[in-house]
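Colleague: Just the structure for this:
(2 chains)
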Amino acid sequence: MATVRLSFSPAPVHVRTARLVGVAVARRAGVREDLLDEVRLAIGEACTRAVALHHQYGLADPVLVEMSDSGAYSVRVVDRAPIEAGLGLAALNADELANEALTDEALTTGVGFALLAGFVEDLQVRPVAEGVGTEVRMVWPVGR
Amino acid sequence: MELALATRTVGEHTVLEVGGEVDVYTAPRLRERLLELIDGGARRVVVDLGRVDFLDSTGLGVLVGALKRLRSAGGSFALVCDKEPLLKIFRITALDQVFPLHPTVDAAISADPTAPGA
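Modeller: I've put the predicted structure just below:
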């Protein structure tokens, strides 16, 4: 059961709101202070990815963010884009990053995934259980 | 905090001071400013991230775009950053191997291989 549920129209301006809420709930849940920067960045990247996918596919549906603090702090960011788009994620190495032929979109996607994978130990990207879309699920420990 | 941008000239170098949050919403403004500078003839650009308190993949993408543009124009591009949380972002993405990163503006300018006297 989600503690806090947030859904926002897929516009870049709302990603900051999602980050702020995500960090506030994380702090309240008892996530260690020194992890909060990473929580903020990871939630931002997951939401940015969802907004980009909705934009790419011309989807007006809202992006859903669910935060739950039962046992650990878990965050689900759900998009409604076709699965083949959502799961095509890969980090890029330094040579690929500096390659002139790489598009800005591909670069940002690759860097965004590297940040998610680098900052979230417990990360899953998978199809949603019902309907079209993918969910990025991130879990952080709650310190006592 | 919103994005803050300020430009100054140090000898042959154009220094762009960036403050606040660089994310998917504000990064287009950073891109526009960098393009204005480059289109206006700036060839040695230093971006000072000293007052940045948030930087995401979109912001990093804009910085890589400026680096590539300047390199293909025979110019130079360097970043100033000494905050550990931001440096960690560069390491995790392997972008620390792409950008010249310096702790101060002076260090960035004196390390520029394209600068006169270098």
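Colleague: tally of neighbours for residue A:121?
Modeller: 11 (other Cβ atoms under 10 Å in any protein chain shown). Backbone N, C-alpha and C define where each C-beta goes, glycine included.
Colleague: repeat for residue A:9
Modeller: Applying other Cβ under 10 Å, we find 12 residues neighbouring residue A:9.
Colleague: Surely it touches residue A:62?
Modeller: Yes - counting by Cβ atoms under 8 Å, residue A:9 touches residue A:62, with 5.6 Å between them.
Colleague: give the contact list for the spatially most central residue of chain B.
Modeller: Nearest to the geometric centre of chain B sits residue B:47, at 2.9 Å (Cα atoms, centre = their mean). Contact partners of residue B:47, counting by Cβ atoms under 8 Å, 6 or more residues apart in numbering or on different chains, are B:15, B:16, B:18, B:34, B:63, B:66, B:77, B:78, B:79, B:80.
Colleague: how does it look with 10 Å?
Modeller: B:5, B:14-18, B:30, B:33-34, B:37, B:62-63, B:66-67, B:77-81, B:99, B:105, B:108 (Cβ atoms under 10 Å, 6 or more residues apart in numbering or on different chains).
Colleague: intersection of neighbour lists for residue A:9 and residue A:62?
Modeller: residue A:54.
Colleague: ok, now which ones touch residue B:62?
Modeller: A:104, A:107-108, B:22, B:26-35, B:47.
Colleague: of the residues you listed, buried ones?
Modeller: For those, a neighbour count by 16 or more other Cβ atoms under 10 Å in any protein chain shown gives the buried set as A:107, A:108, B:22, B:26, B:27, B:30, B:31, B:33, B:34, B:47.
Colleague: Would you agree the third one is in contact with residue B:59?
Modeller: Yes - applying Cβ atoms under 10 Å as the test, residue B:22 and residue B:59 come out as touching, 3.4 Å apart.
Colleague: related to what we said a few turns ago, could you flag which of the contacts of residue B:47 are buried?
Modeller: B:5, B:14-18, B:30, B:33-34, B:37, B:62-63, B:66-67, B:77-81, B:99, B:105, B:108.
Colleague: Quick check: which ranges of chain A have low pLDDT?
Modeller: A:1-2, A:84-90, A:144 (pLDDT under 70).
Colleague: Nearest to the spatial middle of it, which residue is it?
Modeller: By Cα atoms, centre = their mean, the mean C-alpha position of chain A lies nearest to residue A:46, the distance being 1.5 Å.
Colleague: buried ones in the one helix or strand it maps to?
Modeller: Residue A:46 is part of helix A:36-56 when elements are defined by DSSP states H and E. Neighbour counts over helix A:36-56 (16+ other Cβ under 10 Å) mark A:36-54 as buried.
Colleague: Pull up the pairing partners for whatever helix or strand comes next after it, direction included.
Modeller: Sequence-wise, the next helix or strand downstream of helix A:36-56 (DSSP H and E) is strand A:63-68. Paired neighbours of strand A:63-68 in the sheet (DSSP bridges): strand A:4-8 (antiparallel), strand A:73-78 (antiparallel).
Colleague: So which residues on chain B come close to chain A?
Modeller: B:2, B:21, B:23-28, B:31, B:53-62, B:64-65, B:67-68, B:71-72, B:84-86, B:88-89, B:91-99 (Cβ under 10 Å from any Cβ of the partner chain).
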